[in-house]
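> fold the following.
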Amino acid sequence: MYKETIKTIELPDGRIISLETGKLAKQAHGSVVIRLEDTMLLATVVSSYEAKEGIDFLPLTVDYREKFASAGAFPGGFFKREARPSDLEVLTMRLVDRALRPLFPKDYHNELQVMIQLMSSDKRNMPDALACLAASAAIALSDIPFNGPVSEVRVCRVNGAWIINPTFEQLEDADLEMMVAGTADDIMMVEGEMKEVSEEEMVEAIKVAHDAIKVQIKTINDLADAAGRKTTREYAPEENDEVLQKEIYDYAYQQYYDIAKQASAKEVRSEKAAAVKASYIESLSEERLAENKGLISKYFSATYKEAVRNVVLNEGIRLDGRKTTDIRPIWSEIGYLPGTHGSAIFTRGETQSLTTLTLGNKMDQQTVDTALEKKSEPFMLHYNFPPFCTGEARPLRGVSRREVGHGNLAYRALKGVIPKAPENPYTIRLVSEVLESNGSSSMATVCAGTLALMDGGIKIIRPVSGIAMGMISGKDGKYAILSDILGDEDHLGDMDFKVTGTVDGITACQMDIKVDGLSYEVLTKALLQAKEGRAHILNEMMKTIDKPAEDYKPHTPRIVMFDVPKDSIGGIIGPGGKIIQEIQKETGATITIEEVDNVGMVQIFSPDLASIEKAQNWVRQIAFPPVVEVGQVYKGKVKTIMPYGAFVEILPGTDGLLHVSELDWKRIEKVEEILTEGELVEFKVLNKDPKTGKYKLSRKVLLPKPEKSE
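Model (predicted):
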């Protein structure tokens, strides 16, 4: 049991973060309340004291939830309670997980659950930037073995100035935004988006973030010391057999080394490696195999990993025969799917994405309804990773956290180059179907997404390409930076670093580091090598299409957008939406209008050019009514019939009175004898009353005047 303790951190702009323990959730193995102004998070951690049998990994679950009550809001939907986590919550879980997971002992396999809940929000400070700090502090207060603390901050640049943990408002003006996690000595994880910044600027941002992280880690340690730091619990480490381990190493290492030196496809390598293991197993008695089955697989895997890494470090040769800077063969194709608004195939080595483009109107925008945000999103990117893309058969269980994360990275890479309305009036949805995967399908998604956008005629600012980098380091200080990594190199390496950008700079990045002590020198070298790789990939893409198509596909729905005076919005909509509904019914177009920056923004959407022109002319006549000329002849719709005459539309938004006496030269008892509501009638404008501004119309003056006898 901890005593009540509070420690504080002062941010560079004077805001105070407080860490409190000993008051809430005291049955958890560690709990902390983090507060920044009126934003508060509760983080708890619990871990079982015994590992389940047969578990050879860390069963860590990180859960982050934003309670609607924290912002004084009701959840949407019928049940009015929080349901499955939003994409934003899932992305926050992934950020925290990626920072924490590498710091638990490799042989700690006890069930472990970290829960972070937003309990209060001032809608000013961003809670996700505090989640990892809260989780790490809770773990530091527990007896769970952990090689931390670790912490995480958001860093952004606004008008050239660096800001740590910016507010929502400050972030809107940023040209660089990253989440950075690290220990007191090392950077662990980076993810963010930028407006075409240089490699040097990105490294500077990481350094600024790391300085802030060091202050937070010191405060975590101070809190644990003041509250009464616990002794780390004893746990049963993995079972090991050093004799068996050496036996397998001596048997398999050189064979694996020779396999790794021979350039081969993924299937061939897998078959050869499996044959080495199968041959060894055949030499074992059934009893020994049964006793050591788990250890045998573990030691063969470790031996293979070491052999592959050493081939790269010693020979400069990779599994598929490439040098460290080589990019796998690339081919791409656009317009593959004739029924879509744009499509592209991008294939790099054994990784392939087929990405489709769909264009819609304002009503197709994604509604974001979370505890802290209610908005509409005009650009969506969805990423699907079916099991067949890696040659597997497994059940589909909905969208995975991995798919959400990879799709979000590609989304952040591309969103900055898509023009905003009115230059681009469409709602855009990209869907990446990963059809093959052996190394960075998220980067293939970025490339295929760029090609699909250009194929569909979207005038992107500049094309974007992406590359996945890796690193393998040795005990003697040797290291190799690998461009365009394979799936095996991702698994066996020490760094996974994805970078996207245009010819002018970086647009997004994601990095996970699995070793201690990565220097900024190595990081900069990796970024510059990635820049060369991105340029090569972009050059290959441009051989397929080097600029956006001049026009949209023939079957793409058309949209026009234009501004109208604010005071004309009511006239276009009409009482109870009567006018806008009539326009849509008569033309077949879909019309939306909203007030933006003190003007009315009109969007007209239609699959037919004639209907869009008719609707546009109708709306413009209401918003910018032409002057009714006295003495001119018009044809208009009968709007309302009264006992004394009919009100007729002269021009959209302007009516006049056609008196019963002006219907015909002969006496008319009832207006209905001549007119019906909704019909078109031809008339002449006789005059305009200078006092009331009302127009007097006549039908009879257009008819032949009868003789007096008649």
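> which residue is nearest the middle of the protein?
Residue closest to the average C-alpha location in the chain (CA atoms, centre = their mean): Asn408, at 2.9 Å.
> and that residue, that's in a strand?
No: the assignment for Asn408 (DSSP: H, G, I helix; E, B strand; the rest coil) gives helix, which keeps it out of a strand.
> ok, how many other residues are close to Gly339?
The number of residues packed near Gly339 is 8, by other CB atoms under 10 Å. Any C-beta I mention is one placed from the backbone N, CA and C, and that applies to glycine too.
> start to end distance for stretch 422-442?
Using CA to CA, to the nearest Å, the span of stretch 422-442 from its first residue to its last is 29 Å.
> actually stretch 480-496, not the one I typed
From its first residue to its last, stretch 480-496 covers 13 Å (CA to CA).
> same thing with stretch 551-561?
17 Å.
> buried stuff in it?
Neighbour-count burial for stretch 551-561, counted by 16 or more other CB atoms under 10 Å, picks out 552-553, 556-561.
> picking that back up, gap between the spatially closest residue to the residue nearest to the centre of the chain that is not a sequence neighbour and Ser611?
Nearest residue to Asn408 in three dimensions, chain neighbours excluded: Leu91, at 5.7 Å (CB to CB, 6 or more residues apart in numbering). Separation of Leu91 from Ser611 (CB to CB, to the nearest Å): 41 Å.
> cool, Leu88 as well?
Separation of Leu88 from Ser611 (CB to CB) stands at 38 Å.
> likewise for Glu50?
Counting by CB to CB, the gap from Glu50 to Ser611 is 70 Å.
> these two: which has the busier surroundings?
Counted by other CB under 10 Å, Glu50 and Ser611 do not tie: Ser611 has more neighbours, with 18 against 10.
> what helix or strand is that one located in?
Using DSSP states H and E, Ser611 sits within helix 609-623.
> pLDDT of that helix, averaged?
Mean pLDDT, computed over helix 609-623, is 88.
> from the chain's centre, how far out does it sit?
Averaging C-alpha positions (CA atoms, centre = their mean, to the nearest Å) puts helix 609-623 36 Å from its chain's average.
> alpha carbons only: can I get whatever helix or strand comes next after that helix in CSV?
Sequence-wise, the next helix or strand downstream of helix 609-623 (DSSP H and E) is strand 633-642. As requested, the backbone C-alpha atoms of strand 633-642 are provided in CSV (Å, rounded to 0.1, in the frame of the first residue of the first chain):
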residue,chain,number,x,y,z
VAL,A,633,-42.2,38.6,-70.9
TYR,A,634,-41.3,35.7,-68.6
LYS,A,635,-42.5,32.1,-68.0
GLY,A,636,-42.8,31.0,-64.4
LYS,A,637,-44.4,28.5,-62.1
VAL,A,638,-47.7,29.1,-60.4
LYS,A,639,-46.8,29.0,-56.7
THR,A,640,-50.1,29.7,-54.9
ILE,A,641,-53.7,30.3,-56.0
MET,A,642,-55.8,32.8,-54.1
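> now strand 633-642, how far from the centre of its chain.
For strand 633-642 - counting by CA atoms, centre = their mean - the centre lies 53 Å from the chain centre.
> so what strands line up beside that strand?
Strand pairing for strand 633-642, using DSSP bridges, gives strand 645-651 (antiparallel), strand 680-688 (antiparallel).
> and the longest one, what's buried?
Within strand 680-688, the residues that count as buried by 16+ other CB under 10 Å are 681, 683-686.
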